[in-house]
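Chemist: what follows is a predicted protein model with its sequence.
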Amino acid sequence: MKDKYTAVWLSHSSIKDYLKCPQAYYLNNIYRKPETGHKIMLMQPPLALGQVVHEVIEEMSKLPAAERLRESPLKIYERLWKKVSGKMGGFRSLDEETKYQKRGQEMVQRLIDNPGPLLKKIIKIREELPYFWLSEEENLILCGKIDWLEYLPQTDSVRILDFKTGKFDEDPDSLQLPIYNLLVTNCQKRSVTGASYWYLDRDDEPRLVKLPDLDSSYKRVMEIAQKIALARKLEHFKCRQKDGCRACLPLERIVAGQAEYVAVGEYKKDIYILN
Ligand code: SF4
(Lines give C-alpha, C1' and ligand atoms only; values in the text may rest on other atoms or scores of the structure.)
Protein backbone atom coordinates (compact mmCIF):
# COMPACT_ATOMS: atom_id res chain seq x y z
CA MET A 1 0.00 0.00 0.00
CA LYS A 2 1.17 3.53 -0.83
CA ASP A 3 3.07 5.18 2.04
CA LYS A 4 5.96 7.55 1.33
CA TYR A 5 7.61 6.84 4.69
CA THR A 6 7.69 3.06 4.46
CA ALA A 7 8.14 2.85 0.67
CA VAL A 8 11.30 1.42 -0.88
CA TRP A 9 13.02 4.38 -2.56
CA LEU A 10 15.04 3.38 -5.58
CA SER A 11 17.47 5.42 -7.64
CA HIS A 12 19.93 4.74 -10.43
CA SER A 13 22.81 4.54 -7.97
CA SER A 14 21.04 2.23 -5.48
CA ILE A 15 19.92 -0.08 -8.31
CA LYS A 16 23.47 -0.08 -9.65
CA ASP A 17 24.72 -1.05 -6.19
CA TYR A 18 22.27 -3.96 -6.03
CA LEU A 19 23.17 -5.21 -9.49
CA LYS A 20 26.85 -5.12 -8.52
CA CYS A 21 26.22 -6.96 -5.29
CA PRO A 22 23.40 -7.18 -2.75
CA GLN A 23 25.78 -6.62 0.14
CA ALA A 24 27.19 -3.49 -1.48
CA TYR A 25 23.56 -2.31 -1.78
CA TYR A 26 23.02 -3.03 1.91
CA LEU A 27 26.13 -1.16 3.03
CA ASN A 28 25.47 1.87 0.83
CA ASN A 29 21.72 2.15 1.24
CA ILE A 30 20.48 0.50 4.42
CA TYR A 31 23.25 0.17 7.01
CA ARG A 32 23.37 2.95 9.62
CA LYS A 33 26.27 3.69 11.95
CA PRO A 34 25.01 2.85 15.45
CA GLU A 35 26.72 5.92 16.97
CA THR A 36 24.91 8.46 14.76
CA GLY A 37 22.02 6.58 13.19
CA HIS A 38 23.22 7.89 9.82
CA LYS A 39 23.92 6.04 6.59
CA ILE A 40 27.55 5.93 5.48
CA MET A 41 29.39 7.11 2.42
CA LEU A 42 33.00 6.78 1.30
CA MET A 43 34.39 9.98 -0.21
CA GLN A 44 36.95 9.55 -2.98
CA PRO A 45 38.60 12.05 -5.35
CA PRO A 46 36.65 11.11 -8.54
CA LEU A 47 33.42 11.52 -6.59
CA ALA A 48 34.48 14.94 -5.30
CA LEU A 49 35.39 16.07 -8.80
CA GLY A 50 32.08 14.86 -10.26
CA GLN A 51 30.13 16.48 -7.43
CA VAL A 52 31.65 19.93 -7.95
CA VAL A 53 31.34 19.90 -11.76
CA HIS A 54 27.69 18.86 -11.43
CA GLU A 55 27.04 21.60 -8.87
CA VAL A 56 28.44 24.18 -11.32
CA ILE A 57 26.04 22.88 -13.97
CA GLU A 58 23.17 22.94 -11.49
CA GLU A 59 23.88 26.58 -10.58
CA MET A 60 23.76 27.48 -14.28
CA SER A 61 20.51 25.57 -14.76
CA LYS A 62 18.79 27.82 -12.20
CA LEU A 63 19.38 30.91 -14.36
CA PRO A 64 17.60 32.13 -17.51
CA ALA A 65 19.49 31.09 -20.67
CA ALA A 66 20.94 34.58 -21.33
CA GLU A 67 22.46 34.78 -17.83
CA ARG A 68 23.98 31.33 -17.55
CA LEU A 69 27.51 32.42 -18.46
CA ARG A 70 27.32 35.88 -16.90
CA GLU A 71 29.33 34.76 -13.88
CA SER A 72 32.31 32.75 -15.08
CA PRO A 73 31.57 29.04 -14.47
CA LEU A 74 35.25 28.73 -13.55
CA LYS A 75 34.73 31.17 -10.70
CA ILE A 76 31.73 29.18 -9.51
CA TYR A 77 33.89 26.06 -9.75
CA GLU A 78 36.66 27.61 -7.62
CA ARG A 79 34.11 28.69 -5.02
CA LEU A 80 32.47 25.27 -4.85
CA TRP A 81 35.77 23.40 -4.85
CA LYS A 82 36.44 24.72 -1.31
CA LYS A 83 33.71 22.37 -0.07
CA VAL A 84 35.70 19.30 -1.14
CA SER A 85 39.22 20.56 -0.55
CA GLY A 86 41.57 18.34 1.50
CA LYS A 87 40.03 15.52 3.50
CA MET A 88 36.49 16.55 2.53
CA GLY A 89 37.20 15.30 -0.99
CA GLY A 90 39.18 12.26 0.14
CA PHE A 91 42.46 13.73 -1.13
CA ARG A 92 45.57 12.24 0.38
CA SER A 93 47.96 15.00 -0.68
CA LEU A 94 47.98 18.47 -2.15
CA ASP A 95 49.45 17.02 -5.35
CA GLU A 96 46.54 14.65 -5.73
CA GLU A 97 44.02 17.40 -5.06
CA THR A 98 45.66 19.73 -7.57
CA LYS A 99 45.55 17.02 -10.24
CA TYR A 100 41.82 16.43 -9.76
CA GLN A 101 41.02 20.11 -9.42
CA LYS A 102 42.75 20.77 -12.74
CA ARG A 103 40.82 17.97 -14.46
CA GLY A 104 37.58 19.52 -13.28
CA GLN A 105 38.71 22.98 -14.43
CA GLU A 106 39.33 21.57 -17.89
CA MET A 107 35.82 20.13 -17.98
CA VAL A 108 34.29 23.45 -16.97
CA GLN A 109 36.47 25.22 -19.55
CA ARG A 110 35.09 22.83 -22.17
CA LEU A 111 31.59 23.94 -21.27
CA ILE A 112 32.63 27.59 -21.61
CA ASP A 113 34.26 26.91 -24.98
CA ASN A 114 31.26 24.98 -26.30
CA PRO A 115 28.30 26.73 -24.68
CA GLY A 116 25.71 25.85 -27.37
CA PRO A 117 23.64 23.34 -25.37
CA LEU A 118 23.86 25.50 -22.23
CA LEU A 119 22.29 28.51 -23.89
CA LYS A 120 19.12 26.79 -25.03
CA LYS A 121 15.81 26.88 -23.23
CA ILE A 122 15.46 24.19 -20.59
CA ILE A 123 12.71 22.75 -18.43
CA LYS A 124 13.33 22.63 -14.70
CA ILE A 125 11.66 20.03 -12.50
CA ARG A 126 10.72 21.90 -9.33
CA GLU A 127 11.38 19.26 -6.67
CA GLU A 128 14.83 19.15 -5.13
CA LEU A 129 14.70 15.36 -5.52
CA PRO A 130 12.23 14.37 -8.26
CA TYR A 131 10.34 11.14 -7.54
CA PHE A 132 7.20 9.24 -8.49
CA TRP A 133 5.37 6.06 -7.51
CA LEU A 134 6.80 3.25 -9.59
CA SER A 135 4.15 1.02 -8.01
CA GLU A 136 1.56 2.16 -5.51
CA GLU A 137 0.43 -1.41 -4.76
CA GLU A 138 3.98 -2.53 -4.03
CA ASN A 139 4.98 0.71 -2.29
CA LEU A 140 7.93 1.45 -4.60
CA ILE A 141 9.22 4.93 -5.41
CA LEU A 142 11.72 5.82 -8.12
CA CYS A 143 13.73 8.99 -7.54
CA GLY A 144 16.72 10.82 -8.97
CA LYS A 145 18.11 14.13 -10.11
CA ILE A 146 18.28 14.88 -13.81
CA ASP A 147 21.21 17.10 -14.86
CA TRP A 148 19.60 19.00 -17.73
CA LEU A 149 16.33 18.92 -19.68
CA GLU A 150 16.55 20.66 -23.01
CA TYR A 151 13.26 22.03 -24.34
CA LEU A 152 12.54 21.22 -28.00
CA PRO A 153 10.01 23.86 -29.22
CA GLN A 154 9.27 22.16 -32.58
CA THR A 155 7.74 19.17 -30.79
CA ASP A 156 7.00 20.80 -27.42
CA SER A 157 8.98 17.96 -25.84
CA VAL A 158 12.15 17.52 -23.79
CA ARG A 159 15.52 15.87 -24.31
CA ILE A 160 17.55 14.49 -21.40
CA LEU A 161 21.17 15.62 -21.19
CA ASP A 162 23.42 13.83 -18.74
CA PHE A 163 26.89 15.20 -18.02
CA LYS A 164 29.62 12.61 -17.44
CA THR A 165 32.82 13.31 -15.55
CA GLY A 166 34.23 9.78 -15.42
CA LYS A 167 36.81 8.18 -17.67
CA PHE A 168 34.61 5.38 -19.03
CA ASP A 169 31.60 5.39 -21.32
CA GLU A 170 28.24 4.44 -19.83
CA ASP A 171 27.44 0.76 -20.43
CA PRO A 172 24.82 0.71 -23.25
CA ASP A 173 22.88 -1.89 -21.22
CA SER A 174 22.84 0.23 -18.07
CA LEU A 175 19.52 1.11 -16.50
CA GLN A 176 20.28 4.82 -16.45
CA LEU A 177 18.23 5.79 -19.50
CA PRO A 178 15.23 3.58 -18.66
CA ILE A 179 15.24 5.12 -15.17
CA TYR A 180 15.63 8.70 -16.42
CA ASN A 181 12.99 8.22 -19.10
CA LEU A 182 10.49 7.05 -16.46
CA LEU A 183 11.44 9.81 -14.05
CA VAL A 184 11.21 12.66 -16.54
CA THR A 185 7.99 11.34 -18.06
CA ASN A 186 6.35 11.13 -14.65
CA CYS A 187 7.77 14.27 -13.02
CA GLN A 188 6.81 16.91 -15.61
CA LYS A 189 4.18 17.20 -18.30
CA ARG A 190 6.06 17.11 -21.64
CA SER A 191 6.99 13.92 -23.44
CA VAL A 192 10.62 12.81 -23.64
CA THR A 193 11.82 12.53 -27.22
CA GLY A 194 15.57 12.09 -26.89
CA ALA A 195 18.63 11.73 -24.69
CA SER A 196 22.33 12.50 -24.88
CA TYR A 197 25.48 12.03 -22.83
CA TRP A 198 28.17 14.67 -22.64
CA TYR A 199 31.56 13.17 -21.70
CA LEU A 200 33.19 16.30 -20.42
CA ASP A 201 36.76 15.06 -20.33
CA ARG A 202 36.84 14.15 -24.03
CA ASP A 203 33.89 15.46 -26.08
CA ASP A 204 33.16 19.01 -27.23
CA GLU A 205 29.48 18.29 -27.57
CA PRO A 206 26.86 15.82 -26.29
CA ARG A 207 26.47 12.44 -28.02
CA LEU A 208 22.93 11.43 -28.88
CA VAL A 209 21.98 8.07 -27.40
CA LYS A 210 19.02 5.84 -28.12
CA LEU A 211 16.14 6.40 -25.75
CA PRO A 212 14.52 3.12 -24.70
CA ASP A 213 10.73 2.97 -24.99
CA LEU A 214 8.66 3.50 -21.87
CA ASP A 215 7.13 0.03 -21.69
CA SER A 216 10.42 -1.82 -21.79
CA SER A 217 11.91 0.78 -19.39
CA TYR A 218 9.15 0.12 -16.89
CA LYS A 219 9.50 -3.65 -17.19
CA ARG A 220 13.26 -3.62 -16.69
CA VAL A 221 13.18 -1.24 -13.75
CA MET A 222 10.20 -2.94 -12.10
CA GLU A 223 11.86 -6.35 -12.32
CA ILE A 224 14.91 -5.24 -10.38
CA ALA A 225 12.83 -3.07 -8.03
CA GLN A 226 10.80 -6.13 -6.99
CA LYS A 227 13.99 -8.11 -6.38
CA ILE A 228 15.34 -5.35 -4.16
CA ALA A 229 12.05 -5.06 -2.28
CA LEU A 230 12.07 -8.82 -1.65
CA ALA A 231 15.72 -8.79 -0.52
CA ARG A 232 14.85 -6.02 1.95
CA LYS A 233 11.83 -7.91 3.23
CA LEU A 234 13.85 -11.09 3.76
CA GLU A 235 16.91 -9.11 4.92
CA HIS A 236 18.91 -11.21 2.52
CA PHE A 237 22.00 -9.40 1.24
CA LYS A 238 24.64 -12.07 0.83
CA CYS A 239 28.06 -11.78 -0.81
CA ARG A 240 27.91 -13.39 -4.26
CA GLN A 241 31.53 -14.46 -4.43
CA LYS A 242 32.90 -17.39 -2.54
CA ASP A 243 36.13 -15.66 -1.68
CA GLY A 244 34.81 -12.11 -1.95
CA CYS A 245 35.62 -9.71 -4.79
CA ARG A 246 36.79 -7.13 -2.21
CA ALA A 247 34.83 -4.33 -3.89
CA CYS A 248 32.97 -3.63 -0.67
CA LEU A 249 36.10 -3.79 1.50
CA PRO A 250 36.34 0.00 1.89
CA LEU A 251 32.76 0.14 3.20
CA GLU A 252 33.44 -2.79 5.52
CA ARG A 253 36.38 -0.86 6.90
CA ILE A 254 34.04 2.01 7.73
CA VAL A 255 31.69 -0.42 9.51
CA ALA A 256 34.69 -1.86 11.40
CA GLY A 257 35.67 1.61 12.60
CA GLN A 258 38.86 1.71 10.50
CA ALA A 259 38.01 4.83 8.47
CA GLU A 260 38.23 8.49 9.33
CA TYR A 261 34.99 10.39 9.79
CA VAL A 262 35.03 13.81 8.09
CA ALA A 263 31.51 15.30 8.07
CA VAL A 264 27.80 14.83 7.60
CA GLY A 265 26.98 15.15 3.91
CA GLU A 266 23.92 15.35 1.68
CA TYR A 267 20.87 13.37 2.84
CA LYS A 268 22.50 13.17 6.31
CA LYS A 269 25.03 10.54 5.31
CA ASP A 270 28.20 10.32 7.41
CA ILE A 271 31.17 10.88 5.10
CA TYR A 272 34.34 8.84 5.68
CA ILE A 273 37.74 8.63 4.07
CA LEU A 274 40.33 5.88 4.11
CA ASN A 275 43.96 6.59 4.76
S1 SF4 B 1 33.13 -8.83 -1.80
FE2 SF4 B 1 31.21 -9.89 -1.90
S3 SF4 B 1 29.87 -8.53 -0.76
FE4 SF4 B 1 31.58 -7.29 -1.35
S5 SF4 B 1 31.06 -6.34 -3.29
FE6 SF4 B 1 32.16 -8.23 -3.74
S7 SF4 B 1 30.61 -9.75 -4.05
FE8 SF4 B 1 29.70 -8.04 -2.95
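Modeler: Yes, it's here.

Chemist: so how many other residues sit close to residue 73?
Modeler: 22 (other CB atoms under 10 Å). Every C-beta, even on glycine, is put in place using the N, C-alpha and C of the backbone.

Chemist: residue 181 too?
Modeler: 21.

Chemist: quick one, what contacts it?
Modeler: Residue 181 makes contacts with 160, 192, 195, 211-212, 214, 217, as judged by CB atoms under 8 Å, 6 or more residues apart in numbering.

Chemist: could you rerun that using 7 Å?
Modeler: The contact partners of residue 181, by CB atoms under 7 Å, 6 or more residues apart in numbering, come to 192, 211-212, 214, 217.

Chemist: do residue 135 as well
Modeler: residue 222.

Chemist: please spell out the PyMOL selection for the buried subset of the contacts of residue 181.
Modeler: Selection of buried members from the contacts of residue 181 for PyMOL, criterion 16 or more other CB atoms under 10 Å:
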select buried, resi 192+211+212+217
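
Chemist: let's have the contacts of residue 181 in a markdown table, adding distance to residue 180.
Modeler: A markdown table is the format used below for the contacts of residue 181 (distance: CB to CB, whole Å):
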| residue | distance to residue 180 |
| --- | --- |
| 192 | 8 |
| 211 | 9 |
| 212 | 10 |
| 214 | 12 |
| 217 | 9 |
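
Chemist: mind checking which of the contacts of residue 181 land in strands?
Modeler: Members of these lying in strands (criterion: DSSP state E): residue 192.

Chemist: adding distance to residue 48 and pLDDT, write the contacts of residue 181 out as JSON lines.
Modeler: JSON lines is the format used below for the contacts of residue 181 (distance: CB to CB, whole Å; pLDDT from 0 to 100):
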{"residue": "192", "distance to residue 48": "31", "pLDDT": "97"}
{"residue": "211", "distance to residue 48": "31", "pLDDT": "95"}
{"residue": "212", "distance to residue 48": "31", "pLDDT": "95"}
{"residue": "214", "distance to residue 48": "35", "pLDDT": "96"}
{"residue": "217", "distance to residue 48": "31", "pLDDT": "97"}
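
Chemist: and the contacts of residue 181, which of them are in helices?
Modeler: Among the contacts of residue 181, DSSP state H puts 214, 217 in helices.

Chemist: all set now, cheers.
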